[in-house]
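1. just need the structure, nothing else, for what follows:
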Amino acid sequence: MNNDNNRVAESGRRELSNYCPLAALLLIAATSSGALAHDSRKPPIVLDSSGGFVIGGKVVPINPATPNRTLSCDHGYVEYFMPATPRRTSLVMWHSSSTQVWQNRWDGGEGYKDMMLRREYPVFLWDGPRVGRANWSCESVTYTPSSRDQGNFTAWVFGPAIPVGQVPTAAEWWPGVQFPTTNPQAWLDATASRYDEFDIARNIEIETDAAAVAADSGRLGNSIVYLTNSAGGLRAMRTTTKSQKTNIKGIVTYESIGYVFPIGDPESPTLCTDPGPACAFGPIGVPLEDFKKLAKLTAIQFVWGDHRPETYSFVIQSRLCAKLINKYGGHAEVLKLAEDAGLKGSTHIAFADMDNDKVAALLDKFLKKNKLNGWKNSRDAHNWHDD
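-> As a prediction, the model looks like this:
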């Protein structure tokens, strides 16, 4: 059979090369790398449905003289994937760069989206207002290009310092970092796969207004666990404090940059109140009764990758936030992948790292421990074992 496949592939290469060198190159790459091959060791992804929808936002007249001429804006966008035999808990993936980080590993391998679909969790990819596929804004916005490519290198914990050249050299990466450092295309893909995040405090409120509408609508299910990255963690916490229902059950943040604290609690840090970029990453204060909504969740886990010392300001905030959530009866914990789980070299986006299967296994344990891994119909619990 392999010989037959090789003859077919070789024939295809010869024929395509007569007409389109680029197509021939793509075919060679696919057949030689196994890019189209299916790994028979993995259970298949079987979907009942997939699609997308907008939710939240406003409809505003742009010109008072023509009130019937409007713009629908500041809504969120949700892309969803519903397994044929779904679990009860929906995983809502909230990025802080682009949805691409949930879709693939750094080298193009399987990302969290497909990993969790194989486990039969309903998956929802969320773009908040003004971000990605929800970029209709109700007001004028300004985008100013900046040299973010090299800035990402340190922000995403690829290395200890900004690289000297355009592309990092071997010596500039952290030793043992979970990134394909010898693959220059992986570096280019990582830096290109992001949106402008509009990081100002007022936009946090706009994004979480829409997210709270989505959570309360029931369209994300009635057992939601947010999986977040970076500033998405702050937004998921703020969304929970705004929600008027109990559909949100848990939050797992991967390196949350920013936290929510109760106003008036003597243990809360100095809270940030500026609506602009100065408070883009908190700490944000909310009334105590709203903060207690975090304590009512089944569980919260703040996850940190490698090279994040206890003196790092956001690690300090994560431990204090967990302490205060637990003070009011909650179940929050901090997990450091290196120190607590033995996973070395994790980046700021550990779920896209080369060892993301091990990171996902820790998520399996969290969901199982907190009884968030059940199926909608118990007889469907046959394809994946959460061991």
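2. which ones are touching the residue positioned nearest the centre of the chain?
-> The residue lying closest to the centre of the chain (CA atoms, centre = their mean) is His95, at 3.6 Å. Contacts for His95 (CB atoms under 8 Å, 6 or more residues apart in numbering) come out as 101-102, 125-126, 228-230, 232. Quick note: C-beta positions are derived from backbone N, CA and C, even for glycine.
3. buried only: go through these for me.
-> 101-102, 125-126, 228-230, 232 (16 or more other CB atoms under 10 Å).
4. wait, which of these is closest to Gly165?
-> Ranked by distance to Gly165 (CB to CB), the buried ones among the contacts of His95 are led by Val101 at 24.3 Å.
5. ok, residues contacting the helix or strand harbouring the closest one?
-> Taking DSSP states H and E as the criterion, Val101 maps to helix 100-103. Outside helix 100-103, the residues that touch it by CB under 8 Å, 6+ apart are 93, 95, 111-114, 125, 193-194, 227, 229, 349, 351-352.
6. equivalent analysis for stretch 316-333, please.
-> Against stretch 316-333 from outside (CB under 8 Å, 6+ apart): 237, 253, 256, 258-262, 265, 267-269, 282-283, 291-292, 294-302, 304, 310, 334, 370.
7. alpha carbons of it, as CSV, please.
-> The C-alpha coordinates for stretch 316-333 follow below in CSV (Å, rounded to 0.1, in the frame of the first residue of the first chain):
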residue,chain,number,x,y,z
ILE,A,316,1.8,38.3,43.7
GLN,A,317,-1.6,39.6,42.6
SER,A,318,-2.7,36.1,41.6
ARG,A,319,-1.9,34.7,45.1
LEU,A,320,-3.7,37.6,46.8
CYS,A,321,-6.7,37.3,44.5
ALA,A,322,-7.0,33.6,45.2
LYS,A,323,-6.6,34.3,48.9
LEU,A,324,-9.5,36.8,48.9
ILE,A,325,-11.7,34.6,46.8
ASN,A,326,-11.2,31.7,49.3
LYS,A,327,-11.7,34.2,52.2
TYR,A,328,-15.3,34.6,50.9
GLY,A,329,-15.9,30.9,50.5
GLY,A,330,-14.5,30.3,47.1
HIS,A,331,-12.2,27.6,45.6
ALA,A,332,-9.2,29.3,43.9
GLU,A,333,-5.7,28.1,43.5
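8. please spell out which residues along that stretch are buried.
-> Neighbour-count burial for stretch 316-333 [16+ other CB under 10 Å]: 317-322, 324-325, 330-333.
9. filter the contacts of stretch 316-333 down to the buried ones, PyMOL style.
-> The PyMOL command for the buried members of these (criterion: 16+ other CB under 10 Å) is given here:
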select buried, resi 237+253+256+258+259+260+261+262+268+269+282+283+291+292+294+295+297+298+299+300+301+302+304+334+370
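10. out of the contacts of stretch 316-333, which sit inside helices?
-> Counted as lying in helices by DSSP state H, out of these, are 237, 291-292, 294-295.
11. give me the low-pLDDT residue ranges for the stretch 251-387 of the chain?
-> Within the stretch 251-387 of the chain, the segments meeting pLDDT under 70 span 379-387.
12. wait, Gln301 sits on Lys365?
-> No: contact between Gln301 and Lys365 fails when scored by CB atoms under 8 Å: they sit 10.1 Å apart.
13. could you pull out the strands for the stretch 1-150 of the chain?
-> For the stretch 1-150 of the chain, strands defined by DSSP state E, counting those that start in this stretch occupy the ranges 47-55, 58-61, 70-73, 76-83, 90-94, 123-127.
14. any chance of those in a markdown table, with mean pLDDT and distance to Asp216 too?
-> Shown next, in a markdown table, are the strands of the stretch 1-150 of the chain (pLDDT from 0 to 100; distance: least, CB to CB, whole Å):
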| stretch | mean pLDDT | distance to Asp216 |
| --- | --- | --- |
| strand 47-55 | 98 | 10 |
| strand 58-61 | 94 | 17 |
| strand 70-73 | 94 | 20 |
| strand 76-83 | 97 | 13 |
| strand 90-94 | 98 | 13 |
| strand 123-127 | 97 | 14 |
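15. and of these, who's closest to Gly159?
-> The nearest among the strands of the stretch 1-150 of the chain, by CB to CB, is strand 90-94 at 25.9 Å.
16. what comes up buried for stretch 193-213?
-> Within stretch 193-213, the residues scored as buried using 16+ other CB under 10 Å are 193-201, 203-204, 206-213.
17. how is this protein partitioned into domains?
-> Listed domain ranges for the chain are 2-33, 47-143+195-380 (source: automatic domain parsing).
18. redo those domains as CSV? Include distance to Phe179.
-> Below are the domains of the chain laid out as CSV (distance: least, CB to CB, whole Å):
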stretch, distance to Phe179
domain 2-33, 19
domain 47-143+195-380, 5
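19. deepest in the core, which of these is it.
-> Ranked by average neighbour count under the criterion mean count of other CB atoms under 10 Å, these are headed by domain 47-143+195-380 at a mean of 19.
20. so what's the gap between that one and the chain middle?
-> 7 Å (CA atoms, centre = their mean, to the nearest Å).
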